[in-house]
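Engineer: For reference, the sequence and a predicted model appear below.
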Amino acid sequence: MSTANPNGVYAGAHFGLELDGKKEVSLFRSIEGGGVKADVMTYQYGDKGGNDRWRLLGKPKFEDIKLQVGMSMSAPFYDWIAAFFAGKPTRKSGAIVAADFYFKERARRTFKEALIKEIVFPKLDAQDKNAVYMNVGLTCEDIVFAAGSGNKLQAGTKGFDDKQKHWTANNFHFKLDDYADACRRVVKLDSFTIKQNIVEHHYGGFKAAIKTPSAVEFPNLVFYVPEPDAQPFMDHMARRVGYGEKGNGEVRDSKTMHGQLDAFDNELQPIFTLEFFGADIISVTPDKADATSEEIKLCKVELYTESMKFTYSQ
């Protein structure tokens with residue numbers, strides 16, 4: 001136990017996540033939300049009661065927790081994400097731990113019955129060498145605030161910053177069925193969000209709402225290629241949608257495509273793979289033409305997806 005004053009002020013330097021009662025924590029970049037609030041209920045009697053009003057607190061409501069994570073979390077955390085993509089919502093209990101510069105625990109928020117609500121992948125750009133992070137939103141049924149124990153976090157703290165920086169915006173590879181050559185020079189991929197709607201059920205005798213998951217919503221993906229590489233996608237649109245010379249008299253089939261996004265560290269070792277299924281191109285849009293611009297002319301390609309699969313490689 002630390003002999004430092006437990007009530008002393010401190011600057012939050014490190015944040016960790018405990019899952020399923022395990023004391024080993026995974027360190028992440030930042031946290032937002034996770035507070036508790038309650039509605040105010042106002043009562044007033046009838047005509048004989050005058051104009052007086054009385055107020056009481058209603059049931060507690062727990063704010064969603066938003067984590068910003070890199071690729072230095074524990075394997076169980078990424079298994080949780082993989083289950084989310086697979087449509088197998090898994091409830092987890094654990095704690096958010098705040099530590100000072102010396103990795104000593106100063107505060108904690110214990111949560112129960114947490115579900116992943118959304119995952120936001122960052123924008124990737126071949127010209128951007130900065131570290132990128134994934135945003136993970138959690139919703140839970142109970143949160144308890146407590147003072148920290150003062151013990152040092154049981155985490156692999158050595159090299160933590162290096163691990164976070166291993167995932168940079170420029171180390172990625174985007175592939176799409178039958179269009180390997182056209183995708184070999186994908187230069188950008190816009191940020192995208194996978195969401196799962198949460199339904200709240202209120203029962204008598206329960207302190208707070210019971211939260212249950214519903215369908216997962218998979219987003220459209222938007223990527224950019226140099227304009228000379230965009231012709232195959234335009235031809236595909238002509239065949240599938242049925243316009244122009246390539247669409248005249250042809251039978252449009254119902255075949256969709258499979259593709260994947262691979263992320264690498266600075267040593268070009270794989271970090272994760274994100275596969276998407278049931279995809280098809282819905283638009284191909286050339287960049288704005290400007291005679292004074294010296295930037296490479298790009299085309300934006302957008303496609304829909306029906307499902308995705310996440311696989312962590314480390």
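Structural biologist: Alright, I've got the coordinates. Numbering: from 1, shown residues only.
Engineer: Please, where are all the strands along the stretch 51-200 of the chain?
Structural biologist: 53-62, 65-69, 92-99, 105-121, 124-125, 134-139, 142-147, 172-176, 188-189, 192-201 (DSSP state E, counting those that start in this stretch).
Engineer: same for the second one, what does it pack against?
Structural biologist: Judged by 3 or more CB pairs under 8 Å, 6 or more residues apart in numbering; DSSP states H and E, the packing partners of strand 65-69 are strand 26-28, strand 30-33, strand 134-139. Any C-beta I mention is one placed from the backbone N, CA and C, and that applies to glycine too.
Engineer: Can you lay out those strands as CSV showing distance to residue 120 and mean neighbour count?
Structural biologist: Output for the helices and strands packed on strand 65-69, formatted as CSV (distance: least, CB to CB, whole Å; neighbours: other CB atoms under 10 Å):
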stretch, distance to residue 120, mean neighbour count
strand 26-28, 14, 23
strand 30-33, 12, 14
strand 134-139, 4, 20
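Engineer: Go through those and name the closest to residue 118.
Structural biologist: strand 134-139 (4.2 Å; CB to CB).
Engineer: picking that back up, with distance to residue 270 and mean pLDDT as extra columns, can I get the helices and strands packed on strand 65-69 in TSV?
Structural biologist: Shown next, in TSV, are the helices and strands packed on strand 65-69 (distance: least, CB to CB, whole Å; pLDDT from 0 to 100):
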stretch	distance to residue 270	mean pLDDT
strand 26-28	20	78
strand 30-33	26	86
strand 134-139	16	93
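Engineer: Below-threshold pLDDT in the chain: ranges please.
Structural biologist: 1-12, 23-25, 46-50, 155-165, 243-254, 314 (pLDDT under 70).
Engineer: the longest helix in it is where?
Structural biologist: Counting residues, the longest helix found in the chain (DSSP state H) is helix 75-85.
Engineer: Please state the offset of it from the chain centre?
Structural biologist: Taking CA atoms, centre = their mean, to the nearest Å, one finds the center of helix 75-85 at 11 Å from the center of the full chain.
Engineer: what is the orientation angle of it with strand 105-121?
Structural biologist: Orientation note: helix 75-85 sits at an angle of 40 degrees relative to strand 105-121 (axes from the mean of the first three to the mean of the last three CA atoms, to 10 degrees).
Engineer: where exactly do the strands run in the stretch 201-314 of the chain?
Structural biologist: Under the criterion DSSP E, counting those that start in this stretch, the stretch 201-314 of the chain contains strands at 210-217, 221-226, 257-264, 270-286, 298-304, 307-312.
Engineer: picking that back up, so can I have a markdown table of the strands of the stretch 51-200 of the chain showing distance to residue 261?
Structural biologist: Shown next, in a markdown table, are these (distance: least, CB to CB, whole Å):
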| stretch | distance to residue 261 |
| --- | --- |
| strand 53-62 | 33 |
| strand 65-69 | 17 |
| strand 92-99 | 25 |
| strand 105-121 | 8 |
| strand 124-125 | 8 |
| strand 134-139 | 12 |
| strand 142-147 | 34 |
| strand 172-176 | 6 |
| strand 188-189 | 7 |
| strand 192-201 | 10 |
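Engineer: For residue 300, find the nearest of those strands.
Structural biologist: strand 188-189 (8.8 Å).
Engineer: which outside residues touch that closest one?
Structural biologist: Identification of contacts with strand 188-189 by CB atoms under 8 Å, 6 or more residues apart in numbering yields 123-126, 172, 174, 221-224, 261, 298.
Engineer: Over to stretch 88-103?
Structural biologist: Everything outside stretch 88-103 that qualifies as a contact, by CB under 8 Å, 6+ apart, is 10-21, 25, 31, 34, 65, 80, 83-84, 105-116, 148, 152-153, 155, 157, 196, 213.
Engineer: Buried among those residues? Make that a ChimeraX selection.
Structural biologist: Here is the ChimeraX command that selects the buried residues among these (16 or more other CB atoms under 10 Å):
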select :10,14,15,16,17,18,19,25,31,34,65,80,84,105,106,107,108,109,110,111,114,115,116,148,153,155,157,196,213
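Engineer: Who is the most centrally placed residue in the chain paired with across the strands?
Structural biologist: Centroid-nearest residue in the chain: residue 119, 2.0 Å away (criterion: CA atoms, centre = their mean). On the basis of DSSP bridges, residue 119 is bridged to residue 136, residue 194.
Engineer: Brilliant, that's me finished.
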